[in-house]
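>>> model this:
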Amino acid sequence: MQPRTHTPDRTTVDADGREATTFALKRACNGCGLELGDLDGRDVDAHGNTADVRGECSNCAPLVELETAGCRTWQLTRRNIAEIDDAVDRDGIYAKGYWQDVDGKLTVVGLRIGTGETRIVARFGDWIIRHPDGRWSVHKAPASGGPVDPETFLTGE
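Below you'll find the predicted structure:
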């Protein structure tokens, strides 16, 4: 796949001192929201639907590969934490909200899956993965606009 162009914004000043900014529309990953580059013809199909570009994203491409291999993935949010907790429970694995102090108040910030040293923790925004062999893992959300370290994307470290 051809890499995307990254056209920077360009500000010009006319003879009267008025500024005008020219910019190219940008495409963000529909999985995690990372900016991928300029919008182009591959982003809309023949029916006007926005294309899935997660495979172009350094963060989401591993998730696309895992889904192709038969894994089930969920991005953990406050809205779906109960749904994911129920899915984990159906596998006979203990799961519960993960709590932390946030501004002096104990708050649920994610989901803990499993017990003891083998437990994993996913925070809101992370992706939870159920592998076909019954294992569960976490793919961390990207740090503010940067790619995820491929060495730690499944370990959650």
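
>>> Now do the residue nearest the centre of the chain, the pLDDT please.
What sits nearest the mean C-alpha location of the chain, by Cα atoms, centre = their mean, is C32, with 3.2 Å. C32 is assigned a pLDDT of 84 by the prediction.

>>> Not counting residues beside it along the chain, what's closest to it?
Leaving aside its chain neighbours, C32 sits nearest to N59 (4.9 Å; criterion: Cβ to Cβ, 6 or more residues apart in numbering). Using the backbone N, CA and C atoms, a C-beta is placed for each residue, glycine as well.

>>> pretty sure the residue nearest to the centre of the chain belongs to a strand, no?
No - using DSSP: H, G, I helix; E, B strand; the rest coil, the secondary structure at C32 is coil, not a strand.

>>> Assess the claim that it and A143 are in contact.
No - if you go by Cβ atoms under 8 Å, C32 and A143 don't touch, sitting 10.9 Å apart.

>>> if we can go back for a sec, how far away is the residue nearest to C32 from A24?
Distance of N59 to A24, given as Cβ to Cβ, to the nearest Å: 22 Å.
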